[in-house]
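*Asks:* The sequence isn't on hand, but the structure is:
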């Protein structure tokens with residue numbers, strides 16, 4: 001006598017992983033064409049897989065919307081289930097790798113753009129100690145990193161302003177001083193003392209919408225009751241530095257983005273009262289999902305090397 005499969009598995013067995021992967025990518029990326037490009041498949045192949053999946057489950061997964069398709073509520077739920085399945089499988093692979101002494105496995109990390117100035121140096125010793133662990137580092141602006149955390153794309157994320165709406169453990173691991181910079185030959189560069197109000201007549205350069213540094217600047221201006229509309233928004237710290245050096249304006253950036261001697265880059269840190277703004281770089285992870293062995297090992301490694309306790313807050 002054969003035992004019945006566990007609840008839910010009978011329908012799952014009618015599907016296959018390529019179909020489920022195509023469904024998840026289509027929902028996440030907002031279209032069959034984008035999913036096909038991301039998965040390196042032909043668009044008709046993805047369309048066929050979605051039709052076969054819907055037929056095997058007996059569910060409507062997409063509905064016409066304009067010239068394209070929109071996922072139904074059940075499709076969104078299924079996509080989330082697929083992500084959970086992928087995360088569970090990854091944890092299985094990593095726990096299995098633990099039996100081999102961390103000789104293989106994968107660790108996915110998301111990080112905001114400014115961390116690219118120091119995070120690779122922090123990851124380097126771990127990577128050398130565990131060469132079989134494949135580290136996948138996604139560098140995005142804050143909004144994109146938050147979206148990745150919401151989807152559960154990564155185990156760890158490095159950022160300055162963790163979102164409050166997710167169940168996150170937080171470990172502040174490094175100070176992040178934010179400073180105003182100007183070109184070396186800017187008239188304000190010769191001043192020994194400045195107030196924030198002294199800068200307001202100058203053109204302001206900022207990072208793009210979604211940047212954590214820009215959000216901190218906007219909060220600081222609001223606290224001072226100042227209206228200082230930006231002249232230009234740029235998509236990277238290096239672009240901001242180039243624009244400042246070219247005399248296009250002033251900017252607030254993390255001190256980590258600058259050389260030890262900013263003059264070597266043609267820049268100067270302005271002595272503004274109340275600055276640097278003291279913020280913290282924070283490593284975060286989802287409390288509702290178990291960390292893999294590689295992630296736990298990296299946290300322990302950083303704790304030992306940085307001399308601080310990696311305890312969640």
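*Replies:* Now that the structure is in, tell me what you want to look at. Keep in mind that this is a model prediction, so the values were computed, not measured. Numbering: from 1, shown residues only.

*Asks:* Double-check that residue 27 belongs to a helix.
*Replies:* Yes. If the criterion is DSSP: H, G, I helix; E, B strand; the rest coil, then residue 27 is within a helix.

*Asks:* For the residue nearest to it when sequence neighbours are not counted, grab the count of nearby residues.
*Replies:* With sequence-adjacent residues excluded and distances taken as C-beta to C-beta, 6 or more residues apart in numbering, residue 27 is closest to residue 79, at 3.9 Å. The way it works is simple: take the backbone N, C-alpha and C, and place the C-beta from them, glycine included. Around residue 79 sit 20 other residues, with neighbours defined as other C-beta atoms under 10 Å.

*Asks:* can you tell me how far residue 79 sits from residue 210?
*Replies:* Going from residue 79 to residue 210 by C-beta to C-beta, to the nearest Å gives 23 Å.

*Asks:* ok, now residue 158?
*Replies:* From residue 158 to residue 210 the distance is 16 Å (C-beta to C-beta).

*Asks:* more neighbours, these two?
*Replies:* Just comparing residue 158 and residue 210: by other C-beta under 10 Å the higher neighbour count belongs to residue 158, 26 against 17.

*Asks:* sec struct for the more buried one, please.
*Replies:* Of the three states, residue 158 takes strand according to three-state DSSP.

*Asks:* so what's it bridging to?
*Replies:* According to DSSP bridges, the partner residues bridging residue 158 are residue 111, residue 283.

*Asks:* Would you confirm that it contacts residue 117?
*Replies:* No. Taking contacts as C-beta atoms under 8 Å, residue 158 lies outside contact range of residue 117: 11.5 Å.

*Asks:* Show me what the longest strand belonging to the chain is packed against.
*Replies:* When the chain is scanned for its longest strand (criterion: DSSP state E), the result is strand 168-183. Packing contacts for strand 168-183, counted by 3 or more C-beta pairs under 8 Å, 6 or more residues apart in numbering; DSSP states H and E, involve helix 212-223, helix 237-245, strand 250-254, strand 267-269, strand 277-286, helix 293-306.

*Asks:* between those, which gets nearest to residue 23?
*Replies:* Each of these was checked against residue 23 via C-beta to C-beta, and the shortest separation belongs to strand 277-286, namely 22.3 Å.

*Asks:* so for the closest one, what's the average pLDDT?
*Replies:* Across strand 277-286, pLDDT averages out at 95.

*Asks:* Need the contact partners of it.
*Replies:* Among residues not part of strand 277-286, those counted as contacts by C-beta atoms under 8 Å, 6 or more residues apart in numbering are 115, 149, 152, 155-162, 166-178, 216, 220, 252, 291, 295, 299, 302, 310.

*Asks:* buried set for that strand?
*Replies:* Buried residues in strand 277-286, counting neighbours by 16 or more other C-beta atoms under 10 Å, are found at 277, 279, 281-286.
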